[in-house]
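Q: Have a look at this prediction, sequence included:
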Amino acid sequence: MEFTHKFFKPIVWRSSKIHVADELQLPPQEECVSWLTFSAIEKHFYQMQHETCVSYAREVIGSFKDDIVKRK
């Protein structure tokens, strides 16, 4: 992989947004923060969604850890 990176680095150009912002003519970015108050049902729903996502993320991270340990 390192060889491939060194080979392509001089010939492949990756521009970051800061380097091409003038060319893109993008409007300035704005941020709007809105605080919401959830009903009891909404709180329950989003809490369950959160727990489901956390559980899945732990499984995925655990599988990566297991894979790394197996490779050693």
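A: Okay, I see it. Since this is a predicted model, take the numbers as computed values, not measurements.
Q: Report the contact partners of residue 38.
A: For residue 38, the set of contacting residues under the criterion of CB atoms under 8 Å, 6 or more residues apart in numbering consists of residue 46. Heads up, the C-betas are built off the backbone N, CA and C, glycines and all.
Q: separation between it and residue 55?
A: Counting by CB to CB, to the nearest Å, the separation of residue 38 from residue 55 is 21 Å.
Q: swap in residue 13?
A: Spatial separation of residue 13 from residue 55 under the definition CB to CB is 42 Å.
Q: The two: which is more packed in?
A: residue 55 (10 against 7; other CB atoms under 10 Å).
Q: check which helix or strand covers the more buried one.
A: Element membership for residue 55 (DSSP states H and E) is helix 40-71.
Q: So which residue is dead centre in the chain?
A: By CA atoms, centre = their mean, the mean C-alpha position of the chain lies nearest to residue 57, the distance being 12.9 Å.
Q: what packs against the helix or strand of the chain with the lowest mean pLDDT?
A: Across the helices and strands of the chain, the lowest-confidence element by mean pLDDT, DSSP states H and E is helix 17-24, at a mean of 78. Using 3 or more CB pairs under 8 Å, 6 or more residues apart in numbering; DSSP states H and E as the contact definition, helix 17-24 packs against no other helix or strand.
Q: Report the buried residues of that helix.
A: Within helix 17-24, no residue qualifies as buried by neighbour count (16 or more other CB atoms under 10 Å).
Q: ok, now stretch 46-55?
A: Across stretch 46-55, burial judged by 16+ other CB under 10 Å covers no residue at all.
Q: ok, residue 67 - how many residues close by?
A: By the criterion of other CB under 10 Å, residue 67 has 9 neighbours.
Q: mind checking how far it is from residue 35?
A: As defined by CB to CB, residue 67 lies at a distance of 41 Å from residue 35.
Q: likewise residue 8?
A: Counting by CB to CB, the separation of residue 8 from residue 35 is 46 Å.
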